[in-house]
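[1] Just to be clear, the model below is a prediction. Sequence and coordinates:
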Amino acid sequence: MVALPSEFIELAYAGSLATVLPAVAQSLGVSAHPGAAPLGLDPLFELPPARSAVLVLVDGLGAEQLRRRSGHAQFLRSLQSPAPQLTCGFPATTATSLASLGTGLPPGAHGMVGWQVLMPEHDRLLNHLSWDEGPDPEQWQPHRTVFEQLEAGGVAVTRIGPGYFDGSGMTRAAQRGGSFAAARTLPERVDTAIAALTAAPRSFVYLYWGEVDKIGHTFGPDSWQWGEEVERTDAALADLAMRLPPGTSLTVTADHGMVEAPEMLRHDLAWDEDLARGIRHLGGDPRVPQPHCEPGAAAEVLETWTELLGEQALVVSRAEAIDHGWFGPVEGAVTPRIGDLVVAMRGHATVLDSRAQRPEFLALKGHHGSLTRDEMAIPLLHLPAVP
């Protein structure tokens, strides 16, 4: 087995995002997902009991970025963490993490093993976020979600986010269950959350906010714009906390961190014939590309990519990535969705194919997906319920 570089985090799914929603459900008296124990997902923490609960996921709010720039988050830095620092799981990307959160399972079980993955039966890639011409979501991810389990346990479940999330393939696969309430701005989502909490005596609200991630991608996670967006987010969450009904807890987490990814450190298959040779589909993310190779070409491609990327990446076979436990236990139907190779980028380098990407995507300054602490570490902050 290939040794991991020192800057990579050793994954343990018992200390991951997959354990957060089951822990919230347990605090509400609902035993979510008893089948997780054989997968090594017994959580490392418990949350105090509550009558109702709010879980806020701030997309892109990595623990390392929050630590370095905590001056922008006066409210969040006042909260306590009930657990050792969590990781989001692998790869550190939104589609995978939202599925891990929603199902309480590692990626190898829920099957959403990257931003873009192979649909083997169709020999083409599925973009999990857009779900264009995608498969039936309930069949692609067949496991019962924790949202569904909360609802079955008598808890009124409300999911709050942008309107286009409602009924999307991604939402149906990863976060189905309960009702959906659309709201545009974060203050509007806070108002919607309070309304949902007061409408039922025993309730759970999931609130998603994506602007921190969007700003990090556009301007970089070290930019002043990122700090300003965190300040706005922090103020809105402080308002939410002050308005919580009695008996309601608040938990805040994230789906991944981010690194600066300058164009000068980009490898582009469109301009590198050697890197592109033998590649049938380039799945994954720029920080963790997952090449699917032409028949019989995987060994040669692994050798070529290892040589060309050098110290900028750890290139392993699918079998090695599974043996490392990067995806957690992998179900048989999920295995062919993973690339023939899995490439964990180091430093700030990326690999992409500009022929398959929009100009807006190519202009992004921040990326995520790999195993570095900046990408993998996420916060878990909790405000216990007050009677």
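    That came in fine, so what should we check first? Numbering: from 1, shown residues only.
[2] starting at the chain centroid, how far to stretch 130-149?
    Computed by C-alpha atoms, centre = their mean, to the nearest Å, the chain-centroid distance of stretch 130-149 equals 16 Å.
[3] what do you get for stretch 155-171?
    Worked out by C-alpha atoms, centre = their mean, stretch 155-171 lies 16 Å from the chain centre.
[4] Please apply the same query to stretch 249-268.
    Distance, stretch centre to chain centre, for stretch 249-268: 10 Å (C-alpha atoms, centre = their mean).
[5] Just the terminal-to-terminal distance for that stretch.
    46 Å (C-alpha to C-alpha, to the nearest Å).
[6] How about stretch 77-96?
    End-to-end span of stretch 77-96 (C-alpha to C-alpha): 27 Å.
[7] tell me the secondary structure for the most centrally placed residue in the chain?
    With distances taken as C-alpha atoms, centre = their mean, Ser97 lies nearest the centre of the chain, 2.3 Å away. Put simply, Ser97 is helix when judged by DSSP: H, G, I helix; E, B strand; the rest coil.
[8] From Pro245, how far off is it?
    29 Å (C-beta to C-beta, to the nearest Å). (Each C-beta comes from the backbone N, C-alpha and C, glycine too.)
[9] How about Gly328?
    Distance, Gly328 to Pro245, by C-beta to C-beta: 36 Å.
[10] now do Thr198
    6 Å.
[11] Stretch 343-360: how far from the chain's middle?
    With C-alpha atoms, centre = their mean as the basis, stretch 343-360 stands 18 Å off its chain's centre.
[12] same thing with stretch 72-91?
    Mean-position distance between stretch 72-91 and its chain equals 14 Å (C-alpha atoms, centre = their mean).
[13] tell me the average confidence for stretch 306-316?
    What stretch 306-316 shows for mean pLDDT is 98.
[14] Give me the residue ranges of this protein where confidence is low.
    1, 33-43 (pLDDT under 70).
[15] give me that answer again for 80
    The chain contains residues with pLDDT under 80 at 1-3, 32-44, 84.
[16] So which bits of the biggest helix by length in the chain are buried?
    Criterion DSSP state H: the longest helix present in the chain is helix 224-243. Neighbour-count burial for helix 224-243, with 16 or more other C-beta atoms under 10 Å as criterion, is recorded at 226-227, 229-234, 236-238, 240-241.
[17] just stretch 164-177 next, same as before
    Going by neighbour count (16+ other C-beta under 10 Å), the buried part of stretch 164-177 is 165, 168-177.
[18] With stretch 324-336 instead?
    In stretch 324-336, residues buried by neighbour count (16+ other C-beta under 10 Å) are 324-330, 334-335.
[19] how distant is that stretch from the center of its chain?
    On C-alpha atoms, centre = their mean, the centre of stretch 324-336 falls 17 Å from that of its chain.
[20] quick revisit: relative to helix 224-243, how tilted is the following helix or strand past the longest helix of the chain?
    As assigned by DSSP states H and E, the chain's next helix or strand after helix 224-243 is strand 248-253. If you take axes from the mean of the first three to the mean of the last three C-alpha atoms, to 10 degrees, strand 248-253 sits at 160 degrees to helix 224-243.
[21] Just list what strand 248-253 packs against, helices and strands only.
    In this structure, strand 248-253 makes packing contacts with helix 20-27, strand 52-58, helix 224-243, strand 380-383, judged by 3 or more C-beta pairs under 8 Å, 6 or more residues apart in numbering; DSSP states H and E.
[22] Distance to Leu250 for these - can I get that in JSON lines?
    Output for the helices and strands packed on strand 248-253, formatted as JSON lines (distance: least, C-beta to C-beta, whole Å):
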{"stretch": "helix 20-27", "distance to Leu250": "10"}
{"stretch": "strand 52-58", "distance to Leu250": "5"}
{"stretch": "helix 224-243", "distance to Leu250": "6"}
{"stretch": "strand 380-383", "distance to Leu250": "4"}
